[in-house]
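Participant: Whatever this is, show me its structure:
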Amino acid sequence: MTEGFYEIWVYLSTQPLLGLTVTLVAYQAGMWIYTKGGLNPLLNPVLIAVVILVGLLMLSGTDYQTYFDGAKFVHFMLGPATVALAVPLYAQFQKVRRTFPVILVSILVGSATATMSAVGVAWALGASRETLLSLAPKSVTAPIAMGIADAVGGVPSLTAVLVILTGIIGAVLGPGVLDLIRIKDWRARGIAGGTAAHGIGTARALQVSEVAGAFSSLAMGLNGLATAILLPIILGWLF
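Facilitator: Numbering: from 1, shown residues only. Predicted coordinates:
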């Protein structure tokens, strides 16, 4: 019986749509657990889906490239999904316009803090120059972060992993930290999530508040733009 299931998996693993199907099923399983857990941030659906997928790949002996050949459609949809974040932002446009100067300062300070704290800690721990350059854009959404890493001499694949980890950690721990320091305003919570945890943090914000989601999507976009322009210049001076 076990050998039969193994033979079926070997056959299916060569089919390009298997990676896409497994990805969608894993995320739906994560969403089910997340919903049943009362939207507890510790049960983040992205984190659960990643754990499921890594476990399946390890148990089946499937290499990442084979999996990605089928799942790359999800990667392609990152662009349209990011653009679609303009919809909740438009719905909250009046609130954004009234507080835009404060928002801009908050995002710039948050972006600088995210980069300098990560690079500073890694430098103190003896990380290599290549690792530092790969780590610097870790709070920016993946496509922009990988482009920045490639431009400044980092490793885009390492940056991608760091971006995902940053997003998951921010989405899981961020709400608790904001509660601890008594930040209740949904606008402030959204800006914090989008600046520190990019798309994954924004997805979490959209699940709990339309206002937080709109401000988070704005913060994610502006943080990506500011980092893409300023970070190569700053790193050029430092390195």
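
Participant: Could you report the neighbour count for residue 33?
Facilitator: 16 (other C-beta atoms under 10 Å). Yep, even glycine has a C-beta here, placed from its N, CA and C like the rest.

Participant: Which strands or helices does the helix or strand encompassing it pack on?
Facilitator: If you go by DSSP states H and E, residue 33 is part of helix 16-36. Secondary-structure packing of helix 16-36 (3 or more C-beta pairs under 8 Å, 6 or more residues apart in numbering; DSSP states H and E): helix 45-60, helix 64-76.

Participant: which residues touch that helix?
Facilitator: The contact list for helix 16-36, computed with C-beta atoms under 8 Å, 6 or more residues apart in numbering, reads 12, 40, 43-49, 52-53, 56, 66-74.

Participant: who touches the nearest residue in space to residue 204 that is not next to it in sequence in this structure?
Facilitator: Leaving out its chain neighbours, the residue that sits closest to residue 204 by C-beta to C-beta, 6 or more residues apart in numbering is residue 171, at 4.2 Å. Residue 171 makes contacts with 41, 44, 46, 47, 193, 197, 200, 201, 203, 204, as judged by C-beta under 8 Å, 6+ apart.

Participant: give me the low-pLDDT residue ranges for the chain?
Facilitator: 1-17, 75, 238-239 (pLDDT under 70).

Participant: how big is the angle separating the helix holding residue 33 from helix 64-76?
Facilitator: Between the axis of helix 16-36 and that of helix 64-76 there is an angle of 60 degrees, by axes from the mean of the first three to the mean of the last three C-alpha atoms, to 10 degrees.

Participant: Domains in the protein, by residue range?
Facilitator: The chain breaks down by automatic domain parsing into domains covering 2-76, 83-238.

Participant: Out of these, which is the most enclosed?
Facilitator: Using mean count of other C-beta atoms under 10 Å, the stretch among the domains of the chain with the largest mean neighbour count is domain 83-238, at a mean of 19.

Participant: just how off-centre is that domain within its chain?
Facilitator: Offset of domain 83-238 from its chain centre (C-alpha atoms, centre = their mean, to the nearest Å): 9 Å.
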